[in-house]
Each structure stands twice: as structure tokens, then as C-alpha cells.
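K.L.:
coords below, sequence missing:
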């Protein structure tokens, strides 16, 4: 024990790792309400993975995503709804949310659909109070509205390995 902190010496030395392990539901919700970027993986027409970064909104038990009308990956998702989301940050604590899900096309490319309200909230989350100024000039450009229903969600934060990766046999 370290007499100055009443903590085990090893624990005190490893504070830089942050809290290590799965995020609680509250931590995950807080993280997803911030502005981490999402990478969405889909399958192209030749069966290859296709991954792009995108904004998202986590609500209603899933993830809303608003691709532009000409985003080829939205067509891939329409043809094969199996997707994978990787949402993470670049802090030392390296929060991660990994989602295997099924996407539904809620709106084909259109003007003025439900996507406008969602995209407006996203613009504020990602760009701050001036976000709508970015969005407004492009409201004449049609967009899709996708919803990803999670089939599984895995989370992690901190700088360490999960126990399942330690001491394994090759």
C-alpha cells in the first residue's frame, strides 16, 4: 500500500490508463450523445466491405444516419441491410462502441423529409451553434434516412487489454 494515498501502489501507477472495461449503459449513452464519429461498414455489389465515416444520432433504440442522395453506400445498404458501426474517439481513454446491426431505409432520397430534423440536430452536435448554417444551403439536396437497429453492441474504454485476450494459447 502507498501510505500517502491508501491505494495499492500498482493501482496508483496505472491511473493514466483511465477506467478500463466495458462502458455502463449510462456511460455509453453519454458518449453517444457527444460528437464521436461513426464508421459504417456495408457490403458492396461484389461482396467487399465498404466503410465510410458519417454522422449519426443515437435515439429510439438505434442509430439514424443521413446519407446524401448519391452516396453509393446507401444503395449497398438498401440491397444488403447487414451493417457494422464503429464509433470511437481519439482520446487516451479510447472509448469504443461496436454495433452489429440491420439497417432499414426509412426514406429514399427526398427533400424535406424527417431527415431534415435529424440532420439539423446532428449539425448542432458536430459543429456547435453554427451547425445549421452549414446545413441550410444544402437543404435543396436530397438525402436518405437510414435507421440501424442494433443486433449486438460491444463497448470498451481505457488503455488495457480485455482479459479474454490475455494469456491465450496460440
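P.N.:
Done, it's in. Model, not experiment: these values are computed from the prediction.
K.L.:
now stretch 50-59, how far from the chain's geometric center?
P.N.:
Centre-to-centre, stretch 50-59 and its host chain are 6 Å apart (CA atoms, centre = their mean, to the nearest Å).
K.L.:
What distance do you get for residue 119 to residue 141?
P.N.:
Distance, residue 119 to residue 141, by CB to CB, to the nearest Å: 11 Å. Yep, even glycine has a C-beta here, placed from its N, CA and C like the rest.
K.L.:
Can you pick out the residue with more neighbours from those two?
P.N.:
residue 119 (22 against 11; other CB atoms under 10 Å).
K.L.:
close enough to count as contact, that one and residue 136?
P.N.:
No. Distance between residue 119 and residue 136: 10.6 Å, which falls outside the contact criterion (CB atoms under 8 Å).
K.L.:
Quick one: list the elements packing against the helix or strand harbouring residue 126.
P.N.:
Residue 126 belongs to helix 115-127 when assigned by DSSP states H and E. With contacts taken as 3 or more CB pairs under 8 Å, 6 or more residues apart in numbering; DSSP states H and E, helix 115-127 sits against strand 57-59, helix 131-135, strand 143-156.
K.L.:
by contact count, what packs against the shortest one?
P.N.:
Spelled out, that is strand 57-59. Going by 3+ CB pairs under 8 Å, 6+ apart, strand 57-59 lies up against helix 25-33, strand 62-65, helix 115-127.
K.L.:
mind checking which of these is nearest residue 99?
P.N.:
strand 62-65 (6.9 Å; CB to CB).
K.L.:
any idea which helix or strand comes after that closest one?
P.N.:
helix 72-79.
K.L.:
For beta bridges, what are the partners of residue 82?
P.N.:
Residues in a beta bridge with residue 82, per DSSP bridges, are residue 102.
K.L.:
Same question for the one 4 residues further on.
P.N.:
Per DSSP bridges, residues listed as beta-bridge partners of residue 86: residue 39, residue 98.
K.L.:
Spit out the contact partners of it.
P.N.:
With contact set as CB atoms under 8 Å, 6 or more residues apart in numbering, residue 86 has these partners: 38, 39, 41, 96, 97, 98, 99.
K.L.:
any weak-confidence spans in the chain?
P.N.:
1-18, 92-93, 159-162, 164-165, 167-170 (pLDDT under 70).
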